[in-house]
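Engineer: No sequence on hand, only this structure:
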């Protein structure tokens, strides 16, 4: 979990190189929806998709035969509660919360755009700022709740530094994948 541009996708890909995870990228699943669909219209302006729609998409991708990375999920208290209630007893859930200042996140997204990103939700600074506002008002309460949620592990990773140092911190939090 973490704000837009914090590196969730980058770190997920690095972890996938070490272990054959079932990789579920919530944002990509949502962005793959047609632009004229309800989901497409919501994300094109930086809004979050309703919990029930997102949870249904995630549920369809979860299986118990392999370790899973949920990239960009949960994002709301409702999604976090759904995850813990439905999977904490059958899966070892370990939330990694990546944090960095908003100024760093904005610069990373701008770099992603310069490097050729065609993501609708990266399209302009007002949408990026709206996504950051949503992160602070909607996702941060879920992160705060997950810090002490029953039956799961929670680790914070300072993602402000360089990728290599950040990844060392991730591996320290997840020693089974070193």
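Structural biologist: Nice, I can see it. In this text the structure is predicted, and so the values were computed from the model without any measurement.
Engineer: only C-alpha atoms for contact and neighbour calcs from this point on.
Structural biologist: Fine.
Engineer: So which residues of this protein form helices?
Structural biologist: Using DSSP state H, the helices of the chain run over residues 8-16, 26-31, 38-44, 51-61, 77-87, 102-114, 125-134, 140-147, 163-173.
Engineer: Take the ones you listed and write them to JSON lines, including distance to residue 1.
Structural biologist: JSON lines is the format used below for those (distance: least, Cα to Cα, whole Å):
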{"stretch": "helix 8-16", "distance to residue 1": "7"}
{"stretch": "helix 26-31", "distance to residue 1": "11"}
{"stretch": "helix 38-44", "distance to residue 1": "18"}
{"stretch": "helix 51-61", "distance to residue 1": "15"}
{"stretch": "helix 77-87", "distance to residue 1": "11"}
{"stretch": "helix 102-114", "distance to residue 1": "14"}
{"stretch": "helix 125-134", "distance to residue 1": "13"}
{"stretch": "helix 140-147", "distance to residue 1": "8"}
{"stretch": "helix 163-173", "distance to residue 1": "12"}
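Engineer: so which of the ones you listed gets nearest residue 155?
Structural biologist: Smallest distance to residue 155 across these (Cα to Cα): 6.6 Å, for helix 163-173.
Engineer: outside of that closest one, which residues touch it?
Structural biologist: 11, 14, 96, 155, 157, 158, 159, 160, 177, 178 (Cα atoms under 8 Å, 6 or more residues apart in numbering).
Engineer: what do you get if the cut-off is 6 Å, keeping everything else the same?
Structural biologist: Residues from elsewhere that reach helix 163-173 (Cα atoms under 6 Å, 6 or more residues apart in numbering): 159, 178.
Engineer: now do stretch 84-101
Structural biologist: So stretch 84-101 is contacted by 1, 2, 151, 152, 153, 154, 155, 156, 157, 158, 159, 160 (Cα under 6 Å, 6+ apart).
Engineer: Could I get the contacting residues of the last one?
Structural biologist: Taking Cα under 6 Å, 6+ apart as the contact definition, residue 160 lies against residue 100.
Engineer: Please tell me how far it sits from residue 66.
Structural biologist: 30 Å (Cα to Cα, to the nearest Å).
Engineer: Indicate which one of the helices of the chain is closest to residue 70.
Structural biologist: Among those, helix 26-31 sits nearest to residue 70 (Cα to Cα), with 7.1 Å.
Engineer: residues of that closest one that come out buried?
Structural biologist: 26, 30, 31 (16 or more other Cα atoms under 10 Å).
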